[in-house]
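> Just need the structure, nothing else, for what follows:
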Amino acid sequence: MSGNAKPIIGGGEVQAQPYHARVFQNGRGMCTSTLVSSRYILTARHCVEQPAQYAFRIGSTYAESGGTTAAATRIILHPSADLAMVQLDRDVSNTPARVATSYPQTGSYLSVYGWGATCGPMQNEAYCRSPVLKTATMRLADLASDAYGGTALHLGAVDGVGAGGDSGGPAMTGGTVAGVASTSDRQSFTRYTATAPYAEWIRSVVANG
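Numbering: from 1, shown residues only. You can find the predicted model right below:
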């Protein structure tokens, strides 16, 4: 994760929804992401800004098997926030997630998801990535900045916290994606780039094909 959480670090296992997606960089699992239309994935900019071959496993609980696979054909990076939209090489039939257009209330609880690290900051997260999708509950403390200066939700740990490998994954409330994992201390908080101020950008990318 850009910067850097319990699985996830803390939390528990969960059955994947059709829109949960694992990000692979040159064949190696790296980040988490969300299907937001039949052809587009929403993830963190820092997950996909390096020149590489990117692919996605969509709708599977397991990091290395099942679900629907698709490759990236085009990557659109947000210029000032830790967000990216990735166009897939084909339409997929999985049901996409809805993107929140308003901020969650301060103090509200959000569910976060990912295949990231399950160990604390004193251990090498490369050796403790979860093979199955994990979830944790976090609480919105305030607004903050993400890794690129964009607007982020500062989420405090309740029963877990997002870590490396959870980057790009969703923070969800009311069935919508309210944030995209950007930075974490791997102990007490994770910052998720808020979707509300960038919802129109996301919509326009999808609309322009």
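
> Give the other helices and strands that the host helix or strand of Val23 contacts.
Assigned by DSSP states H and E, Val23 belongs to strand 20-25. Packing partners of strand 20-25 (3 or more CB pairs under 8 Å, 6 or more residues apart in numbering; DSSP states H and E): strand 28-35, strand 40-43, helix 45-48, strand 54-58. Backbone N, C-alpha and C define where each C-beta goes, glycine included.

> Reformat those as CSV; add mean pLDDT.
Conversion of the helices and strands packed on strand 20-25 to CSV gives the following (pLDDT from 0 to 100):
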stretch, mean pLDDT
strand 28-35, 96
strand 40-43, 99
helix 45-48, 98
strand 54-58, 98
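
> wait, which of these is closest to Thr69?
Among the helices and strands packed on strand 20-25, strand 54-58 comes nearest to Thr69, with 5.5 Å by CB to CB.

> now the angle between strand 28-35 and the closest one, please.
On the basis of axes from the mean of the first three to the mean of the last three CA atoms, to 10 degrees, strand 54-58 is oriented at 60 degrees to strand 28-35.

> which residues in this structure form helices?
45-48, 199-207 (DSSP state H).

> Leaving out sequence neighbours, find the closest residue to the spatially most central residue of the chain.
The C-alpha lying nearest the average C-alpha coordinate of the chain belongs to Gly169 (CA atoms, centre = their mean; 1.2 Å). The shortest distance from Gly169 to any non-neighbouring residue, by CB to CB, 6 or more residues apart in numbering, is to Thr32 (3.1 Å).

> quick check: mean pLDDT across the strand holding Val23?
Across strand 20-25, the average pLDDT comes to 97.

> Start the count at 46 instead of 1 going forward.
With 46 as the first residue, the last one maps to strand 65-70.

> Can you tell me the strand partners of the longest strand along the chain and which way each runs?
Taking DSSP state E as the criterion, the chain has its longest strand at strand 179-190. Sheet pairing of strand 179-190 (DSSP bridges) gives strand 57-58 (antiparallel), strand 154-159 (antiparallel), strand 196-202 (antiparallel).

> and that strand, what's its mean pLDDT?
96.

> a markdown table for the helices of the chain, including distance to Asp136 and mean neighbour count?
Formatted as a markdown table, those follow (distance: least, CB to CB, whole Å; neighbours: other CB atoms under 10 Å):
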| stretch | distance to Asp136 | mean neighbour count |
| --- | --- | --- |
| helix 90-93 | 20 | 25 |
| helix 244-252 | 12 | 15 |
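
> can you tell which of the strands paired with strand 179-190 is closest to Leu87?
strand 154-159 (12.8 Å).

> Would you mark the buried spots in the closest one?
In terms of neighbour count (16 or more other CB atoms under 10 Å), strand 154-159 has its buried residues at Leu155, Ser156, Val157, Tyr158, Gly159.

> got it, and stretch 123-135?
His123, Ala126, Asp127, Leu128, Ala129, Met130, Val131, Gln132, Leu133.

> burial of Met217, as a residue count?
Using other CB atoms under 10 Å, Met217 has 23 neighbouring residues.

> pretty sure it contacts Tyr158?
Yes. Between Met217 and Tyr158 there is a contact under CB atoms under 8 Å: 7.3 Å.
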